[in-house]
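**Student:** structure, please.
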Amino acid sequence: GQENNVSAVGNYLKRLDVERSTYNTNTTGLLNLVYRINAKNKVSFVSNYIHTSEQDVRIFRGYMMDNAENGKGLIQRADNLNSKLWINQLFGEHQFGKDWTFNWGGAYNDMTSERPNRMQNTMTFDDSLQQYALVINSPADQHRYFDEMIEKNYLGNLSISKKWNDRLKLTLGADGQYKN
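**Tutor:** Model (predicted):
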């Protein structure tokens, strides 16, 4: 493919041919358990795990204004991203008599996303040396980048319901969440 960067007046800032290689994975698991204690009491557990990874390598060749005006510029960019999400939920439903229902639930969610190594090297071909040399005009030309995001959520809810007939039901409850 090709990637270009053009100024407001239409001049090319970069005009690069691109070779791209990508590799992606996705792994998912789901567990859903229900235990009926008796006709009026039930407990449920749901767990879901999702893992994705994305690797991307791009090699750009061509014209870069101020860096490779001879059309012999080279940019190597590599990126790797891993994401994990684990969701766990526990619920209960309990009936008292024929008019009262008590429901409760709790959840723990764990999300991690990390980019262990993103790097970019910008080079230009030096005709006098007959080899590529690193471009040092700006820190953005050569860089490495790391990031990590970790998020944990704790959630809960409680509710009690009183049913008088098919048209009248009152439910009182509370929900809460803590994010770390």
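**Student:** what pairs with D126 across the strands?
**Tutor:** Q131 (DSSP bridges).
**Student:** run a quick neighbour tally on it.
**Tutor:** Number of residues near D126 (other CB atoms under 10 Å) recorded here: 12. Yep, even glycine has a C-beta here, placed from its N, CA and C like the rest.
**Student:** cool, D110 as well?
**Tutor:** When neighbours are defined as other CB under 10 Å, D110 has 15 of them.
**Student:** what helix or strand is the closest residue to it other than its chain neighbours on?
**Tutor:** Excluding the flanking residues, the one nearest D110 by CB to CB, 6 or more residues apart in numbering is W86, at 4.6 Å. Using DSSP states H and E, W86 sits within strand 68-96.
**Student:** distance of the residue nearest to D110 relative to K169?
**Tutor:** Counting by CB to CB, to the nearest Å, the separation of W86 from K169 is 35 Å.
**Student:** the two: who's more crowded?
**Tutor:** More neighbours surround W86 than the other of W86 and K169, with 16 against 12 (other CB under 10 Å).
**Student:** the more buried one and N109 touch, don't they?
**Tutor:** Yes - the criterion here is CB atoms under 8 Å, and W86 meets it with N109 at 7.0 Å.
**Student:** so where's this protein uncertain?
**Tutor:** Applying pLDDT under 70 to the chain picks out no residues at all.
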